[in-house]
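In: What would the 3D arrangement of this be:
(one chain, ligands or ions: 1)
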Amino acid sequence: MKHALLDNQPILLLPETYNRIPHWRFVARQGKVTCPACASPLTLIAGISFEPYFTHRSGIDCPAEDELTAVEWMPALAETAATLAFDEPAAEAAVPSPSNDSSAGTEQPEDEDTMIGSFRMPKKRAIGGSVTPPLPAPKPAIFRKKLTPKKTIQHIVEERQNTPLHPNQERAVHTTDGPLLILAGAGSGKTRVMTSRTVHLIQQTGVEPRQIMVVTFTTKAAEEIRQRIARELPARQARELVAGTFHSIFYRMLLHHQPERWDQQRLLKKEWHKWRMLRESGVLIGHDELLALKENEMLEALGIISRWKNEYILPQEALYREAANDTERKAQQLYPLYESAKQKLGWFDFDDMLIGCYEMVKENPALLQRYQERITHIMIDEFQDINRIQYEMVKLLATPHNNLCVIGDDDQSIYGFRGSDPHYILGFTKDYPQAKTITLEVNYRSHTSIVSLSYSLIGNNRSRWEKECRSFHHEEGETYLFEADDEEEQASRIVDEIAHRHKQGVSHGDCAILFRTNESARPILERLSEAGIAFHYAQEEDSFYQRQTVRWTIHYLRLAINPDDTDALKEILPTLYLSSELWNVVRSQAILEDVPILHVLPQLPQLKPFQRKHLQLIKEILEACRHSPPAQALELIYEDGKLRDYLKKRAKERENGRERWSDELQQIVSAAKRHATIPDFLRYIDQMSQQEKEWRTQRPLPDEAVHVLSIHRAKGLEYDHVFLPDLVEGALPHEFTLDELRKGGHAALEEERRLLYVAITRARLSLSVGIPRERFGRKTRPSRFIAEMGR
Ligand SMILES: Nc1ncnc2c1ncn2[C@@H]1O[C@H](COP(=O)(O)OP(=O)(O)OP(=O)(O)O)[C@@H](O)[C@H]1O
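Out: Down below sits the predicted model:
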């Protein structure tokens, strides 16, 4: 329904009032928006591809609802228009006049969507405001297609399995002897070819599964291939296949031959593990310049070392390279020390698995020969992302049969920062002059508008292999560009869209939300949790509410509503420049004087006058915050309470210049704005953290769950409906890239473009791209890639 009551005043959903949607969502959550017919509370659903509407919270439609149509509603609205009390003056103008709006309450005419290149910008782009991004001039409108109930996943899988291979795919499957390069566009069936080729090798040419090595780039892709193969081969045969990522296959080999040296317990999994090991090993003693490195500088140097290791540049060789900058120079000094610290303590990192395995077989000819005899056929997916050490190992193993089939798409090379190099794919035929080359240029995955968007975009890259790509499907597909006030509203619209599609028969498991950086995930996970929609979240780092900055902020709020919250005060002591030794003094004084612990702070005897003054101020601020809305309280704590100053100082000492903490503060404010009181907000955080934990740790993963993952992780995967939030400058392309661009480097921007290309080409049927007008409290600019896609 289009109409409702807000505090007993009529409200109506029309394009002119769409800018009220974020506010109406907010009050609807508080139960203030009700059904005019039955007075029960309503929820506002405003997604992307459909007109927004109110619906009964109970999920049961009200029988009387249709009796009062929106058209009848108009006079009532007009009568009360003058007395409507909206928060923002703009809303007054939004009240439509019944005389000149005959479309009130009816479906928006379908021909009013605007086309921008292949993008459809729904007329309701005005939701939450009227600013449109600077995009190319719209083309003539087209009709929006109605969603049709979906077939089951099983049905689709079976249908796809039964479709015949394309002649070029067929040729790739049957070319089993000698080196073979398969150059292919996104969605052109590389994985399908690999699977069919494996099955063909086993069933038609009699190769044993244990003689075939299939390498994928991610564990997820390996799993997908295994599943696809398991559908076509008996389980035992599928199990014997050597399939997995480079790391998993090489690690299994190392564990088999040298189990003690490669015990998992000795793996340096995280960057900070490496840093801690370096400090504790004592190897830095006497190297004052290295000892003086801040955490971020040390991590950057370690990142460079990792890249060198992937390029198989050993410490001595690195030393003779011309350092491009100061960090590289530090990395040169650090590299031999890092290696000797690991050796001394018996640790190893992920890169050592690759080097270790390569050296193990290279230095042991008998062992190498055993592997060469056993593995007669090698297939490598995502070959564009191979690095030198992986390639060297593959070349060794493939000898002498050289039945080496590499498959890749240079446009999907997105791991440059890890030492991957698309030049290996383009130079393969030089290394193997006898190699045959087959190209796959038909995209079987995505509907036409998605394919054409992706090629408009990637065509802007200079260093690439030009492809003639076509879509297999004739259906146009859906491509939406939508704006939202901010990241919160953007998340609400994505989740409403998913919920709406679900009602139409779309499975949650067919929807994926792909993000460039983890910051984009938080509001989305929260909205999914609120909506009760299960999700898979491939966790890349700490949950948002577990991060240090966020935890401090929350503890300030806890202290504001309870000045005797000892845990909260204890947590924030560092932000007040008080040492932990003072904690016992504070606590015993509070007990002795029988006053709330917060009140004791300014009275501590050992304080200097300026400290006393600051702590007195903190006490007053927190008292003033107690009854304020949480977003307002946070501003007071950040500014007057000087939490922002503390975090800035801390960041200068520990982090690089990029202000992640500042974005985190803004994110908390954005989340807080959705709550009227601090206790409400804190309850919400507890609930979200709990729910997120449950869904993150849920095993086995439910099929019926939305996928929330980074674009990097989504490589090789596909979904019917893909949502890409935060297509704004600084997010995609990422701010690091923009820095590099300012210094004149274009390579990083090309990699970002490839990243977006990967994201777009994950979609089968629909793609929705979000542009929040504000992000982390700052105005945004639409990503430069939007205009490129629109061309
Ligand atoms: N000949 C074909 N006929 C119909 N569908 C096909 C055919 N080949 C592949 N497909 C389907 O097209 C989709 C994409 O295939 P696949 O995942 O193998 O592509 P890919 O080249 O590995 O993609 P990407 O590199 O973009 O991850 C899959 O759903 C697959 O089942």
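
In: Most proximal residue of the stretch 401-550 of the chain with respect to the ligand?
Out: Proximity of the stretch 401-550 of the chain to the ligand (C-beta to the nearest ligand atom) peaks at Tyr444, 3.3 Å away. The C-beta positions use only the backbone N, C-alpha and C, and glycine is treated the same way.

In: That residue contacts Lys190, correct?
Out: No. Using C-beta atoms under 8 Å, Tyr444 is not in contact with Lys190; the gap is 10.5 Å.

In: What pairs with the strand ranked longest in the chain, parallel or antiparallel?
Out: Counting residues, the longest strand found in the chain (DSSP state E) is strand 763-772. Strand pairing for strand 763-772, determined by DSSP bridges: strand 478-484 (parallel), strand 719-724 (parallel).

In: Need those in CSV (columns: distance to Ile355, mean pLDDT and mean neighbour count).
Out: Formatted as CSV, those follow (distance: least, C-beta to C-beta, whole Å; pLDDT from 0 to 100; neighbours: other C-beta atoms under 10 Å):
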stretch, distance to Ile355, mean pLDDT, mean neighbour count
strand 478-484, 44, 93, 24
strand 719-724, 36, 97, 24
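
In: hmm, back to that, check contacts around the residue of the stretch 401-550 of the chain closest to the ligand.
Out: 166, 187-189, 192, 472-473 (C-beta atoms under 8 Å, 6 or more residues apart in numbering).

In: Of the residues you listed, which belong to strands?
Out: Of the contacts of Tyr444, none are assigned to strands by DSSP E.

In: what two of those have the greatest distance between them?
Out: Arg192 and His473 (15.3 Å; C-beta to C-beta).

In: Is Arg462 part of a helix or strand, or is it coil?
Out: Classification of Arg462 by DSSP: H, G, I helix; E, B strand; the rest coil places it in coil.

In: Would you list the phi and psi of it?
Out: With angles defined as degrees, to the nearest 10, Arg462 sits at phi -80, psi -40.

In: wait, isn't it in contact with Arg753?
Out: No. Using C-beta under 8 Å, Arg462 is not in contact with Arg753; the gap is 10.2 Å.

In: Tell me which of these two has more neighbours.
Out: Per other C-beta atoms under 10 Å, whichever of Arg462 and Arg753 has more neighbours is Arg753, with 24 against 7.

In: quick one: the more buried one from Leu709, how far?
Out: 20 Å (C-beta to C-beta, to the nearest Å).

In: Which residue does the stretch 601-750 of the chain have closest to the ligand?
Out: Gly716 (4.5 Å).

In: what's the burial count for that residue?
Out: Look at Gly716: counted by other C-beta under 10 Å, it has 21 neighbours.

In: isn't there a strand covering it?
Out: No. Looking at Gly716 with three-state DSSP, it is coil, so not inside a strand.

In: Could you list the low-confidence segments of the stretch 601-750 of the chain?
Out: 653-659, 696-701 (pLDDT under 70).

In: those helices in it, which residues are they?
Out: Using DSSP state H, counting those that start in this stretch, the helices of the stretch 601-750 of the chain run over 609-625, 630-639, 643-654, 660-672, 678-697, 711-714, 735-742, 747-760.

In: For the first one, could you pull out the residues that count as buried?
Out: Going by neighbour count (16 or more other C-beta atoms under 10 Å), the buried part of helix 609-625 is 611, 614-615, 618-619, 621-622, 625.

In: Most widely separated two among the residues you listed?
Out: Using C-beta to C-beta, the two most remote members of the buried residues of helix 609-625 are Gln611 and Cys625, lying 20.8 Å apart.

In: I'd like to check which residues are in contact with Ala238.
Out: By C-beta under 8 Å, 6+ apart, Ala238 lies in contact with 209, 226, 229-230.

In: pLDDT averaged over stretch 409-418 - what is it?
Out: For stretch 409-418, mean pLDDT rounds to 80.

In: do the same with stretch 756-773
Out: Across stretch 756-773, the average pLDDT comes to 96.

In: quick check, it touching the ligand?
Out: Yes. Applying C-beta under 6 Å from any ligand atom, one finds stretch 756-773 in contact with the ligand at Thr761.

In: Residue ranges in the stretch 1-150 of the chain under the pLDDT threshold?
Out: Those would be 63-150, if you go by pLDDT under 70 across the stretch 1-150 of the chain.

In: winner for burial among the helices of the stretch 601-750 of the chain?
Out: helix 747-760 (a mean of 23; mean count of other C-beta atoms under 10 Å).

In: and the angle from it to strand 763-772?
Out: 120 degrees (axes from the mean of the first three to the mean of the last three C-alpha atoms, to 10 degrees).

In: starting at the chain centroid, how far to helix 747-760?
Out: 14 Å (C-alpha atoms, centre = their mean, to the nearest Å).

In: Now do it: which elements does it pack against?
Out: Applying 3 or more C-beta pairs under 8 Å, 6 or more residues apart in numbering; DSSP states H and E, we find helix 747-760 packed against helix 448-458, helix 711-714, strand 719-724, helix 735-742, helix 784-790.

In: quick one: it to helix 735-742, angle?
Out: 140 degrees.

In: Need the contact partners of helix 747-760.
Out: Counting by C-beta under 8 Å, 6+ apart, residues outside helix 747-760 touching it are 186, 411-414, 416, 450, 453-454, 457-458, 460-463, 514, 516, 711-712, 714-715, 722, 724, 727, 732-734, 736-737, 740-741, 767, 783, 785, 788-789.

In: Dump that helix to PDB, restricted to CA.
Out: Only the C-alpha atoms of helix 747-760 are listed here, as PDB (Å, rounded to 0.1, in the frame of the first residue of the first chain):
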ATOM      1  CA  ALA A 747      48.700   0.600 -13.200                       C
ATOM      2  CA  ALA A 748      46.700   0.600  -9.900                       C
ATOM      3  CA  LEU A 749      43.700   2.300 -11.600                       C
ATOM      4  CA  GLU A 750      43.700  -0.400 -14.300                       C
ATOM      5  CA  GLU A 751      43.700  -3.100 -11.600                       C
ATOM      6  CA  GLU A 752      40.800  -1.400  -9.800                       C
ATOM      7  CA  ARG A 753      38.900  -1.400 -13.100                       C
ATOM      8  CA  ARG A 754      39.600  -5.100 -13.500                       C
ATOM      9  CA  LEU A 755      38.300  -5.500 -10.000                       C
ATOM     10  CA  LEU A 756      35.000  -3.900 -10.900                       C
ATOM     11  CA  TYR A 757      34.900  -5.900 -14.100                       C
ATOM     12  CA  VAL A 758      35.200  -9.100 -12.000                       C
ATOM     13  CA  ALA A 759      32.400  -7.900  -9.700                       C
ATOM     14  CA  ILE A 760      30.000  -7.000 -12.500                       C
END
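
In: shift numbering so it begins at 136
Out: With 136 as the first residue, the last one maps to helix 882-895.

In: so it versus helix 583-593, what angle?
Out: Going by the same axes, to 10 degrees, helix 882-895 makes 170 degrees with helix 583-593.

In: Contact residues of the stretch 236-385 of the chain facing the ligand?
Out: 295, 298, 300-301, 304, 319, 321-327.

In: er, the chain actually
Out: 295, 298, 300-301, 304, 319, 321-327, 544, 547, 579-580, 851, 853, 896.

In: Filter these down to the buried ones.
Out: For the residues of the chain next to the ligand, buried by 16+ other C-beta under 10 Å: 301, 304, 319, 321-327, 544, 547, 579-580, 851, 853, 896.

In: Do you have the strands of the stretch 486-635 of the chain handy? List them.
Out: 512-515, 539-543, 571-575, 577-578, 605-606, 613-619 (DSSP state E, counting those that start in this stretch).

In: Could you do the stretch 636-785 of the chain as well?
Out: Using DSSP E, counting those that start in this stretch, strands in the stretch 636-785 of the chain cover 646-650, 670-672.

In: Any buried residues in the longest one, and which?
Out: Buried residues in strand 646-650, counting neighbours by 16+ other C-beta under 10 Å, are found at 646-650.
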